[in-house]
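S.K.: Show me the folded form of this:
(2 chains)
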Amino acid sequence: MTENIHSIRILVAGEHGLVIEFGSVIAPEINLRVQQLARLLHFEPIHGIMEVIPTYRSVSIYFDPLVITRQELSRQVIHMLGRIEHQDVEDLLSSRVVHVPVCYGGVLGPDLEYVSRYTGFSPQEVIGIHTSKPYMIYMLGFIPGFPYLGGMSSEIAVPRQERSRERIPGGSVGIGGNQTGFYPIESAGEWWLIGRTPIKAFDFTSDNPFLFSVGDYLHFEEISTAEYFAIRRSVEKGTYIPEVSYL
Amino acid sequence: MITTIEPGLFTTIQDQGRWGFQAYGMPISGAMDRYASQVANLLVGNRPDAAVLEMTGAGGTFKFDEKQMVAVCGGDMQGLLNHMPISNWSAFIVPRRGILRFDTAVSGYRTYVAVRGGFEVPVVLGSRSTCTPVKIGGHEGRVLRQGDVLHVGRDMECKTQLGSLAEGYIPQYVSQVQLRVILGPQDTMFGSAALDAFFCSSYKVTKQSDRTGYRLKGPKIKHLGSADIISEAVWLGAIQVPVHGMPFIMTADHQTTRGYAKLGSVIRGICPSWSRPSRVTAFVFCAVQKKRQLKSCKKSRKVIEI
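M.R.: Reported below is the predicted structural model:
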């Protein structure tokens, strides 16, 4: 562990917020500390906290200043940080892998050819690299259920499009810079779209509206067009159960 | 039953917001002017979080099948009940088959209509607020259209009488609003010249502003280095400055995470002048000391508790 409690910064986020910053880079060990604090705040909630939002390298806490003062909240958070300082973060690692079936190329992945030309790999090689390993979910945000993933191979990195596309269909899987992921709902965006998944990462009609949690792993898996439409039908009927395994 | 004869420019159902799901990327939504929406509910004896109509810029026309107690608060949209002018910030009875009609806002920009019992739409993730970017909540996750039928719920809290809000509590919808700002967390990414420019200038609220945020136009705020940070959470009232140097203030439907440096945050309190700008609005900013924050917040809460 290179980060220690003394390098943590507690920052002011307006009259209702605190940001606990664990570092200034994107790194698994920093994100694990973020998850560690977020999880502790979930299991041992502090009265007056309205929301806890874990991100790459910080935890944002929104509180009601009429219930708890900033000083008191900071004091309790510092106490918690002290408790978890020497905990082994590896123990906290999630091992949940959510499998995301993707139909690559064609009309569902119109930019696969471009990514292939840009990187010099054949389309099938791009798919091979993209599906080669599970990606850790560092944070969720931007649009509901959108996973910020880490660990994409730089071999298939492609700079983002300069202009944002107005309407990207929900389920679109893309690459932008060193990042990959998929848009759970229709959205604007700058990524190159290499495929589409029939599954939903956000379904407000479900008892569990969000498919992913921070710390989970996401594994893309190639499926055929026929499989795409078969799964989509069962998603629409509400009978599809996403495949989950454990590392 | 209340039928939408004319929907107005951008009319949605809102309550006090969808809290608890920002960690999953879900915007909070809720009324832009929480003070006006809460007072409207208060006047008809509703719970503060009952669902109200939020009309933007210009309001709609609504036909009431049944007699209803109604309150209208916020900007003046020249409301007429069966062709007779109504008073804002007061409760009144709309008779059976009554028609409530609104026009263009002549002061303020957003106007709230509360009916006794609130508007009954499904609760989605704990809230009735419409979030149009995500297409959930409110009436089918969208702005009202001609012919939409709304039903009245049971979110009343106490008995009430027809009455008006005392004069002293009615906010002024002025065209220049002074906002108080708490610096941070990335104010150190700007030089003192940039901060001076920000606090000594007036910024116009541009037409591109919507429920996600106020896009401002004025002197450019230069970053010392990069404008980007590692993506992290943003919050209501956060002032972020993208690479083009024009500040952007996050409002109700803001995205939960962004990657731009945040200069500071507007103090919102519960009586937030920032959320009720006039049609032509400029913001001027002043930095505050920490001690004043809670005081302003407590004062606002008192207003609501009266």
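S.K.: centroid residue for chain A?
M.R.: Compute the mean C-alpha point of chain A, and by Cα atoms, centre = their mean the closest residue is A:P147, 2.5 Å away.
S.K.: any idea how far it lies from chain B?
M.R.: 9 Å (Cβ to the nearest Cβ, to the nearest Å). Yep, even glycine has a C-beta here, placed from its N, CA and C like the rest.
S.K.: tell me which residues form a beta bridge with the closest residue to that residue other than its chain neighbours?
M.R.: Distances taken as Cβ to Cβ, 6 or more residues apart in numbering or on different chains put A:I137 closest to A:P147, at 4.5 Å, once the chain neighbours are dropped. Beta-bridge partners for A:I137, by DSSP bridges, are A:L149.
S.K.: circling back: which residues sit in contact with the residue nearest to the centre of chain A?
M.R.: A:137, A:139-140, A:181-182, A:201, A:212, A:218 (Cβ atoms under 8 Å, 6 or more residues apart in numbering or on different chains).
S.K.: try 10 Å
M.R.: A:98, A:100, A:135-141, A:180-182, A:184, A:201, A:210-214, A:216-218, B:24-25 (Cβ atoms under 10 Å, 6 or more residues apart in numbering or on different chains).
S.K.: Please apply the same query to B:D253.
M.R.: B:12, B:17, B:27-30, B:32, B:129-134, B:210-213 are the contacts of B:D253 under Cβ under 10 Å, 6+ apart.
S.K.: if you set the cut-off to 6 Å instead, what comes out?
M.R.: B:27, B:29, B:131, B:133, B:211-212 (Cβ atoms under 6 Å, 6 or more residues apart in numbering or on different chains).
S.K.: Now render the residues you listed as CSV, adding distance to A:Y56 and pLDDT.
M.R.: Formatted as CSV, the contacts of B:D253 follow (distance: Cβ to Cβ, whole Å; pLDDT from 0 to 100):
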residue, distance to A:Y56, pLDDT
B:P27, 20, 97
B:S29, 25, 97
B:C131, 24, 98
B:P133, 23, 94
B:R211, 27, 95
B:T212, 22, 94
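S.K.: center of chain B - which residue?
M.R.: Nearest to chain B centroid, counting by Cα atoms, centre = their mean: B:M32, 1.1 Å.
S.K.: do you know how far it is from chain A?
M.R.: Distance from B:M32 to chain A, by Cβ to the nearest Cβ: 17 Å.
S.K.: pretty sure that residue is touching B:Y112, no?
M.R.: No: B:M32 lies out of contact with B:Y112 (Cβ atoms under 6 Å); the separation is 9.5 Å.
S.K.: and the closest residue in space to B:A287 that isn't next to it in sequence, what are its bridge partners?
M.R.: Of all residues not flanking B:A287 in the chain, B:V181 sits nearest, at 5.4 Å (Cβ to Cβ, 6+ apart). In this entry, B:V181 is beta-bridged to B:V266, B:A287, by DSSP bridges.
S.K.: give the contact list for B:V181.
M.R.: B:V181 neighbours (Cβ under 6 Å, 6+ apart): B:264, B:266, B:285, B:287.
S.K.: which of these are buried?
M.R.: In the contacts of B:V181, burial by neighbour count holds for B:264, B:266, B:285, counting by 16 or more other Cβ atoms under 10 Å in any protein chain shown.
S.K.: quick check, the first one in a helix?
M.R.: Translated: B:G264. No: with DSSP: H, G, I helix; E, B strand; the rest coil as the criterion, B:G264 is located in strand rather than a helix.
S.K.: Quick check, pLDDT for it.
M.R.: Looking at B:G264, its pLDDT stands at 94.
S.K.: and it, what does it touch?
M.R.: By Cβ under 6 Å, 6+ apart, the contact set of B:G264 is B:181-183, B:187, B:239.
S.K.: remind me, longest strand of chain A?
M.R.: The longest strand of chain A (DSSP state E) is strand A:96-104.
S.K.: Can you report how many residues lie near A:D88?
M.R.: A total of 10 residues lie near A:D88 under the criterion other Cβ atoms under 10 Å in any protein chain shown.
S.K.: and the gap between it and B:G25?
M.R.: 29 Å (Cβ to Cβ, to the nearest Å).
S.K.: ok, now A:E15?
M.R.: For A:E15 relative to B:G25 (Cβ to Cβ), the value is 24 Å.
S.K.: Check A:R33 too.
M.R.: 21 Å.
S.K.: do B:M55 as well
M.R.: From B:M55 to B:G25 the distance is 28 Å (Cβ to Cβ).
S.K.: Repeat that for A:T55.
M.R.: 11 Å.
S.K.: again, but for B:V205
M.R.: From B:V205 to B:G25 the distance is 27 Å (Cβ to Cβ).
S.K.: Chain A contacts on the stretch 1-150 of chain B?
M.R.: Counting by Cβ under 6 Å from any Cβ of the partner chain, the residues of the stretch 1-150 of chain B lying close to chain A are B:19, B:22-26, B:124, B:134, B:136.
S.K.: want to throw the residues you listed into JSON lines with pLDDT, neighbour count and secondary structure?
M.R.: Converted to JSON lines, those look like this (pLDDT from 0 to 100; neighbours: other Cβ atoms under 10 Å in any protein chain shown; DSSP: H, G, I helix; E, B strand; the rest coil):
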{"residue": "B:W19", "pLDDT": "95", "neighbour count": "16", "secondary structure": "coil"}
{"residue": "B:Q22", "pLDDT": "97", "neighbour count": "26", "secondary structure": "helix"}
{"residue": "B:A23", "pLDDT": "96", "neighbour count": "24", "secondary structure": "helix"}
{"residue": "B:Y24", "pLDDT": "96", "neighbour count": "24", "secondary structure": "helix"}
{"residue": "B:G25", "pLDDT": "96", "neighbour count": "27", "secondary structure": "coil"}
{"residue": "B:M26", "pLDDT": "97", "neighbour count": "27", "secondary structure": "coil"}
{"residue": "B:V124", "pLDDT": "97", "neighbour count": "20", "secondary structure": "strand"}
{"residue": "B:V134", "pLDDT": "95", "neighbour count": "25", "secondary structure": "coil"}
{"residue": "B:I136", "pLDDT": "97", "neighbour count": "26", "secondary structure": "strand"}
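S.K.: Who wins on neighbours among the contacts of B:D253?
M.R.: Among these, the one with the most neighbours (other Cβ under 10 Å) is B:S29, at 29 neighbours.
S.K.: List the contacts of it.
M.R.: B:17-18, B:129, B:131, B:252-253.
S.K.: need the residues you listed in TSV with secondary structure, can you?
M.R.: Converted to TSV, the contacts of B:S29 look like this (three-state DSSP):
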residue	secondary structure
B:G17	coil
B:R18	coil
B:S129	coil
B:C131	strand
B:A252	coil
B:D253	coil
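S.K.: quick check, nearest of those residues to chain A?
M.R.: Among the contacts of B:S29, B:C131 lies closest to chain A (Cβ to the nearest Cβ), at 8.9 Å.
S.K.: The closest one touches B:M26, doesn't it?
M.R.: No: B:C131 sits out of contact with B:M26 when judged by Cβ under 6 Å, with a separation of 7.7 Å.
S.K.: Bridged to the nearest residue to A:Y104 once chain neighbours are set aside, which residues?
M.R.: Spatial nearest neighbour of A:Y104, excluding adjacent residues (Cβ to Cβ, 6+ apart): A:G195 at 3.9 Å. Beta bridges link A:G195 to A:Y104, A:V173 when assigned by DSSP bridges.
S.K.: Quick one: neighbours of A:G195, just the number.
M.R.: 29.
S.K.: Over to the one 10 residues further on?
M.R.: A:T205 has 10 neighbours, counted by other Cβ under 10 Å.
S.K.: Got phi/psi on it?
M.R.: Dihedral pair for A:T205: phi -90, psi -10, per degrees, to the nearest 10.
S.K.: just B:T104 next, same as before
M.R.: phi -70, psi 150.
S.K.: My understanding was that it contacts B:A58; is that so?
M.R.: Yes: applying Cβ under 6 Å as the test, B:T104 and B:A58 come out as touching, 4.5 Å apart.
S.K.: neighbour count winner among the two?
M.R.: B:A58 (18 against 14).
S.K.: So what touches stretch B:78-98?
M.R.: Around stretch B:78-98, the neighbours that count as contacts under Cβ under 6 Å, 6+ apart are B:43-44, B:64, B:66-73, B:76, B:99-103, B:162, B:164-165, B:170.
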